[in-house]
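Student: Below is the sequence, then the predicted model.
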Amino acid sequence: MSKLFSAKTKEVFLGPLSKNNPIGVQVLGICSALAVTAKLEPAIVMGLSVTIIVAFSNVIISLLRNTIPNRIRIIVQLVVVAALVTVVSEFLKAFAYDVSVQLSVYIGLIITNCILMGRLEAFAMSNKPWESFVDGLGNGFGYAIVLIIVAFFRELLGSGSLYGIRVIPQAVYDAGYMNNGLMLMPPMALIIVACVIWVHRSKNKDLQEK
Amino acid sequence: MNKLRNLVDKIKPDFEKGGKFEKLHSVFDGFETFLFVPNTTSKRGTHIHDAVDSKRTMIMVVLALVPALLFGMYNVGYQHFMAIGQDAGFWATFWFGFLSVLPIVLVSYIVGLGIEFVVAQIKGHEIQEGFLVTGFLIPLIVPVDTPLWMIAVATAFAVIFAKEVFGGTGMNIFNVALITRAFLFFAYPSAMSGDKVWIRTQDTFGFGGGQVVDGFSGATPLGQIATSASPTIQITDMFGHQFSFMDAVTGFIPGSIGETSVIAIAIGAFLLLLTGVASWKTMLSVFAGGTLMALIFNHFGPDTAAANLPWYYHLVLGGFAFGAVFMATDPVTSSRTETGKWIYGFLIGVMAIVIRVLNPGYAEGMMLAILLMNIFAPLIDYYVVDANVKRRLKRAVNK
């Protein structure tokens, strides 16, 4: 057990959650963060899907890393990712059809998610399978956390509900309150992501550029 | 005035460094420079000193907006009493409009200035005067029935995200008042468009109540044109009487509070041009661009009501004149080079008409046209300066 969670592995897992967050700090995977965060449910499913795909593709690439010829490594990585994306996509269609309709093309587009290629190139190609797996989980969760925060505010203010359940009582609407339609549009997601980054950076002074 | 000066001098030490209200220094400073011309001067470099500082400039714009506001108040009352079929007389009409518009002005100023004050305290700089104009513009470009909390939310959003995050007054890319309106337009479309919001049919604080007359319809002229099914132009008041061109010029038509009267806007424009606050090049070229594009649509456009609308109607209906005079000429967000002003204004006019005519979803294109060109203003400036550099280089090399 001590070997499984050495200090380095712990750092590999916890780093992407905060100080090295793929969205907040590296600003990767923004496109899907804007597209799927209008509601909490698709955001959570998307976050989980990316986590699973990035973790397992990291493991597979890490296992293969010594046999992949350097010149075609991107193609090999893409094949592995594409296979996993297809599996996840079919799984969602079979067991969570409604969500997969809501996510529509964005599950397929996980292939082009910059976080995946980034982790495979930067980490899995030069690290052992277990650490690569942990790194994948960490980055996937880091991505999912930001997605969930953004989706929380967008669904609450844009639809007055959370996870599909109405949380703003009818009395508030009767008093003249209205849902904010702009929250459901991608521009507002960009501004909320910016706010998340703003808060994150003001809490972590070492992230600020001089 | 001397008494006031003495009072200000007396309490001044409290706000200096080490005084008991040290934290509120910028608040004090803001009020002092608002009341008196500051006697501090820049210490380094060469400067030209002029009586016109940004506070005086802003106040000129506010003064220029007063006719539009006063007329807007009267028109709010006028439309209201017409809708309930009463003749209330001049003062009651104005009083109704005053009561309806005043809360919007107050909310806009309290929220906007509140944020400015807080940010100034946090950052420790002086309170910037930019919101004086923005706060005055916001009430003029919204429908009278916009709920006050929406105006508060939109103002807060615009001041924080369109201005403070860019570094405050003078650093913003977009016109802050227009961002407020754009936020309202996209966030609460049902409160910002359609035919229910432009004329107040209920009473205001219990004043001017009454029953709405049968057959009432509160759509704006541009709204009627955008939703019109036939290619003939049919713009009518709430009872189906045809509007004349003069109605649109004087401004007795439904619309946002301050945008309806071309005459009131023209008085403001005259004041701005006389004092040199706004650029006549931008203003003129907006109208030129709008005229040209409307003429093109008149002759070659599709056979719809919006395309068939004569060019002189396009210039007086909706927010075209208001945008051209008060929004496009905003010195911060418009082009700064003289050639750039022509290009910038011309494209605003063109885009506004294109959006009006080709997109029935947006009855009014002025807001989007100005915001779009705000983005391009620095690019226009860049190429104007670049062209000038190239031209002079060529001249130098040829010799």
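Tutor: Received the coordinates, thanks.
Student: quick one: the strands in chain A?
Tutor: A:161-162, A:165-166 (DSSP state E).
Student: most tightly surrounded among those?
Tutor: Using mean count of other CB atoms under 10 Å in any protein chain shown, the stretch among the strands of chain A with the greatest mean number of neighbours is strand A:161-162 (a mean of 16). Using the backbone N, CA and C atoms, a C-beta is placed for each residue, glycine as well.
Student: which outside residues touch that one?
Tutor: With CB atoms under 8 Å, 6 or more residues apart in numbering or on different chains as the test, strand A:161-162 has contacts from A:40, A:152, A:155-156, A:167-168.
Student: try it again with 10 Å
Tutor: For strand A:161-162, the surrounding residues in contact (CB atoms under 10 Å, 6 or more residues apart in numbering or on different chains) are A:39-41, A:151-152, A:155-156, A:167-168, A:179.
Student: Check stretch A:193-206 too.
Tutor: Residues lying outside stretch A:193-206 but in contact with it, judged by CB under 10 Å, 6+ apart, are A:18-19, A:21, A:23-25, A:27, A:30, A:33-34, A:37, A:145-147, A:149-150, A:153, A:207-209, B:160-161, B:165.
Student: pLDDT score assigned to B:Ser26?
Tutor: Predicted confidence (pLDDT) at B:Ser26: the value is 69.
Student: swap that for B:Ala51, please
Tutor: 65.
Student: if I look at A:Trp107, how far off is A:Ala7?
Tutor: Small correction: residue A:107 is Ile, not Trp. 36 Å (CB to CB, to the nearest Å).
Student: Counting neighbours around each, name which of those two comes out higher.
Tutor: Between A:Ile107 and A:Ala7, counted using other CB atoms under 10 Å in any protein chain shown, A:Ile107 has the larger neighbour count: 26 against 7.
Student: Name the nearest residue to the more buried one, sequence neighbours excluded.
Tutor: The spatial neighbour of A:Ile107 that comes closest, neighbours along the chain excluded (CB to CB, 6 or more residues apart in numbering or on different chains), is A:Ser89 at 4.8 Å.
Student: sorry, back to before: mind giving me JSON lines with the strands of chain A and columns for mean pLDDT?
Tutor: Conversion of the strands of chain A to JSON lines gives the following (pLDDT from 0 to 100):
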{"stretch": "strand A:161-162", "mean pLDDT": "86"}
{"stretch": "strand A:165-166", "mean pLDDT": "85"}
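Student: quick one, which of these is nearest to B:Thr180?
Tutor: Closest of the strands of chain A to B:Thr180 is strand A:161-162, at 26.9 Å (criterion: CB to CB).
Student: Neighbouring strands - and their directions - for that closest one?
Tutor: Counting by DSSP bridges, the strands paired with strand A:161-162 are strand A:165-166 (antiparallel).
Student: Touching the partner strand from outside, list them.
Tutor: The contact list for strand A:165-166 (CB under 10 Å, 6+ apart) reads A:40, A:155, A:159-160, A:173.
Student: and if we set it to 7 Å?
Tutor: Judged by CB atoms under 7 Å, 6 or more residues apart in numbering or on different chains, the contacts made with strand A:165-166 from elsewhere in the structure are A:Gly160.
Student: And that strand, how far out from the chain middle?
Tutor: The gap between where strand A:165-166 is centred and where its chain is centred comes out at 24 Å by CA atoms, centre = their mean, to the nearest Å.
Student: and stretch A:145-161, how far from the chain's centre?
Tutor: 15 Å.
Student: repeat for stretch A:79-89
Tutor: Put simply, stretch A:79-89 sits 16 Å off its chain's centre (CA atoms, centre = their mean).
Student: next one: stretch B:220-229
Tutor: Distance of stretch B:220-229 from the chain centroid (CA atoms, centre = their mean) equals 23 Å.
Student: What residues of it count as buried?
Tutor: For stretch B:220-229, the buried set under the neighbour-count rule, 16 or more other CB atoms under 10 Å in any protein chain shown, comprises B:220-226, B:228.
Student: Could you tell me how many residues sit around the closest residue to chain A within the stretch 51-200 of chain B?
Tutor: With distances taken as CB to the nearest CB, the stretch 51-200 of chain B approaches chain A most closely at B:Ala187, which sits 3.8 Å away. When neighbours are counted by other CB under 10 Å, B:Ala187 registers 24.
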